[in-house]
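Asks: model this:
(2 chains)
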Amino acid sequence: MNRRASAAFGLALSVLFVASQEGPRPEPPPLEEVRFPPYETMTLANGLTVFALEHDEQPVVAVQLVLGAGAANDPGDLPGLAMFTGSLLQTGAAARTATEIAEAIDASGGQLTVAPGREATTITASVLRDSTDLAFELMRDMVLLPAFAQDEIERLRQQSLSAITANLQDPDFLADTVFTKVLYGSHPYAHPADGTPASIGRITREDIVRFHETWFAPETAVLAIVGALTPDEALGLAEQWFGGWERKDPPSVDLAGPEPVGGTRIVIVDNPLSVQTEIRIGQTTVARNAPDYFPVLVTSYVLGGPEGRLMDSLRSGKGLTYGAFETIAARRGPGALYATTETRTETTLEAIDAIFEEIAGMQSAPVPAAELEDVKSYVIGSFPLTIEVPSDLATRLTNLVVYDLGPDYLDTYRDRIAAVDSAEVARIARDHLRREGVVLVLVGDAGAFRQGVESLGTVEVIPQAGLDLDSSTLF
Amino acid sequence: MATSILAACGGETDAPPGVSMPTPMEYEEHTLENGLTIITHEDHSTPIAHVQLWYHVGSKNEREGRTGFAHLFEHLMFQGSGNVGPEEHGRIISSAGGFANAYTTDDVTVYFETVPANYLETVLWLEADRMRALDVSAENFLSEREVVKEERRYRYESPPYGDVMETLYRSAFDVHPYRHMPIGTMEDLDRATVDDVREFWETYYVPSNAYLIIAGDFQTAEALDWVRQHFGDIPPGAEPPRVAVREPARTGERRIPVEKAVPLPAWVAGYFIPEDGHPDSYALMVASMILSEGRSSRVYQSLVYETELALEANSGASVREHPNLFFAVLIMNQGATIADGEAAMEAEFRTMMEEPVTDRELQKARNQLRSSYILGRQSIEDKAGALGHAAVIHQDTSTADGELERLLDVDKDDIMTVIRQYLQPENRTVVTVEPGGAP
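Replies: Residues are numbered from 1 along each chain as shown, chains lettered A, B, ... in the order given. Have a look, this model is predicted:
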């Protein structure tokens, strides 16, 4: 081999001498308890919550501002409005046009993203320390002084129409969107976050300005500054740039539990050209800050974590899929708890049966102690992996407010996971994982498996081309 | 009015202020007697450790009729070894709170784990165990092959544009094995046998073809002791064969029109470019940043923002161990035609052939490059990836940082030269995808 030695950067080349035998698996030494790094927090006079955490492994600063409104705040007849409002923030603010905002952040070598979500809109800037002021200035301008120029609205409208056209032929997107809509019914979480072809056509500048005026308020927002700044510097910058943001006293959205699904509801989005079927099976579940969230989380990992029973059965055991998971969508209000997988058309029924079989298994026998311990040590042990880089640390902090988790959450959550026992998992499996009264969504070639699923309940088949996300019946 | 960088600069050719140089990564490099290369980088900021074991084998090493085998083999590495049962590798890492996975490219196969720092020795033991003795049953082999076929359906056959790259590569290359994708074909996956597994493992999974990168919260001397203990007595094996075939120079454009059930028309062009480490590859990387890195880039501004021809418009140099392709990719907006998109993209290339880029653009690209060496290396996984790539593909670990100098040395003339030389129609293969057929 052509190995060029180099003296640069303290490089050392050597050959090690070897004399060893294959031994048993080493026993890991105990790890000292990993604590979340110290941080400071304050609330500005206008109600904005601010976190500051110093982390100087690299000369980098992450600034994350989470606005407490998203698709759940859309008016029922205007899905996509939060996405429009959030996306437009980068397209002109204060003295800068869209191009000038892009030019400023690109020239600094930094990154700036806006992510409109279901109940929050997240703006994140990752910049080198020297560009911290620029990050704050851009973010302040975007949130307080957005232009919402008509030509940018029209441009976004065309892009969104193309994007939704493309997404409506993507099986993954279709399965998630239809599942969410059917599961939540008339609840605000049912709103298609990316809008619909009809709603995208209807959104006006007045709607956007009203949404911004009503919902993007300091009282419901949270700002985290993580990186190579002292807490004093960081908190000073927060006050300097966001202290002048005026209170708005935003209304609240009613997130009370959605209507329960009557009987098992089965919806097939039919595409005869499919080679695979996308499968979603599930129900609503507890809110992110409910005491039962911890046992629900542990139960979901036993059933469908990366080493869970669904993977073991559907992938390793039966070779039916590339991946099978039980997912928990965490929300301020009722979350969603559901199985997700994809399989070749001809094994669709086999995959559905295997999922229900694993759910039944969770309900009929207690989870063995060793299996439960492995899952709990995974959840607890993965903690240090989630606090490595500034933007991850910022997200851990803003989540405290977004999900109303309480100030001691980061210090106590490992104890609360550790406290989940097999009796609690049995209770959750019985009360929260259902085999009847669930929503089952399949995207694939209906002709190949429709008859087989009819034994589970009434089947609604919607041709993919005829899917109408504005209609409560979906076609 | 708030101070604006643009206003303060006053003119469009004024360059933004320069970003300072990143601090180089410190590392040590050692070689065991059996040929295993070890690269360590200590980072004590978080109590975690990351291991990457790079094997210098990828889909380009597959023989005729066995496409997809390197990737299938990667899956089998989780199906049991001397002291580890099927799927147990993942369970051990997972129960520690860690994360394990692997990926296969045309050039390399990389196994990686991130764990709480006290599990580093366990990870090394696990990787050594499957380098020492693979133990896959016929039943698990067959089952895992079905999993890989599902992965092919999920990633390439089911998504609307999933097979476009496969079509491009198959059409662009005649003889070099880059003509097939790492996922392989269904027919070839079905042909694979357990005998193939043994042969592949004996040929390529030997210490002298492996590079072990360890980054994170550990003491180098102790980690090297563990490596010596667990990997030291694995026999060296023979030097694996290397791919000698080279794609002949292209003499004319190839166009592959495709009609299928896609929502929007798409245009994908691949232009032949030289290999990783070739001087021109650096100028091509800088050119692609000016063309399409960020929303202020030329292609975004022109095709997405100004004319609204495209929903997505991108370009990028796919720089590989052997000569590969420079991509230009368009997904057209509703109502826009492929012909308009192609003409607009070509106009951007032509402008860059005829006029030098501005001072401001060049400085912006250099700032983006410098900051990418900082923002792109915040995690120990990022750092290990940079070290592994340098050691395996460049056979020179110092390029992990040293390459930045070569990128920053690229000047306006270099950019004009490479665009003129490589981004010409006769040097490309184009796949056009028009919506058609049933929904």
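
Asks: buried residues of the helix or strand encompassing A:A234, list them for me.
Replies: Per DSSP states H and E, A:A234 falls inside helix A:231-242. Within helix A:231-242, the residues that count as buried by 16 or more other Cβ atoms under 10 Å in any protein chain shown are A:P231, A:A234, A:L235, A:L237, A:A238, A:W241, A:F242. Where you see a C-beta, it was placed from the backbone N, CA and C, and this is true even at glycine.

Asks: got it, and stretch A:57-68?
Replies: Going by 16+ other Cβ under 10 Å, stretch A:57-68 has these buried residues: A:E57, A:Q58, A:P59, A:V60, A:V61, A:A62, A:V63, A:Q64, A:L65, A:V66, A:L67, A:G68.

Asks: nearest to A:V209, of these?
Replies: Top of the list for closeness to A:V209, among the buried residues of stretch A:57-68 and by Cβ to Cβ, is A:L67 at 15.2 Å.

Asks: for that closest one, give the beta-bridge partners.
Replies: Per DSSP bridges, the residues bridged to A:L67 are A:T121.

Asks: break chain A into its domains for me.
Replies: Domains of chain A are assigned by automatic domain parsing as A:40-242, A:265-466.

Asks: what segments of the stretch 1-150 of chain A are strands?
Replies: Ranges of strands in the stretch 1-150 of chain A, per DSSP state E, counting those that start in this stretch, are A:15-16, A:40-43, A:49-54, A:60-67, A:92-93, A:96-97, A:111-116, A:121-128.

Asks: how about those strands, which one is nearest A:P28?
Replies: Short answer: strand A:15-16, nearest of these by Cβ to Cβ, at 23.2 Å.

Asks: and the very next helix or strand once past the helix holding A:A234, average pLDDT?
Replies: Downstream of helix A:231-242, the first helix or strand assigned by DSSP H and E is strand A:265-270. Averaged over strand A:265-270, pLDDT sits at 96.

Asks: tell me how far strand A:265-270 lies from the chain's centre.
Replies: Remark: strand A:265-270 is offset 24 Å from the chain centroid, using Cα atoms, centre = their mean, to the nearest Å.

Asks: same thing with stretch B:335-348?
Replies: Worked out by Cα atoms, centre = their mean, stretch B:335-348 lies 28 Å from the chain centre.

Asks: now that stretch: mean pLDDT?
Replies: 97.

Asks: residues making contact with that stretch?
Replies: B:265-267, B:269, B:291, B:298-299, B:302-303, B:307-310, B:313, B:315, B:328, B:330, B:332, B:425, B:430, B:432, B:434 (Cβ atoms under 8 Å, 6 or more residues apart in numbering or on different chains).

Asks: again, only using 6 Å
Replies: Applying Cβ atoms under 6 Å, 6 or more residues apart in numbering or on different chains, the external contacts of stretch B:335-348 come out as B:P265, B:W267, B:R298, B:V299, B:L303, B:L309, B:A310, B:A328, B:L330, B:M332, B:T432.

Asks: can you give me the pLDDT of the second one?
Replies: Looking at B:W267, its pLDDT reads 98.

Asks: and it, that one's in a strand?
Replies: Yes - with DSSP: H, G, I helix; E, B strand; the rest coil as the criterion, B:W267 is assigned to a strand.
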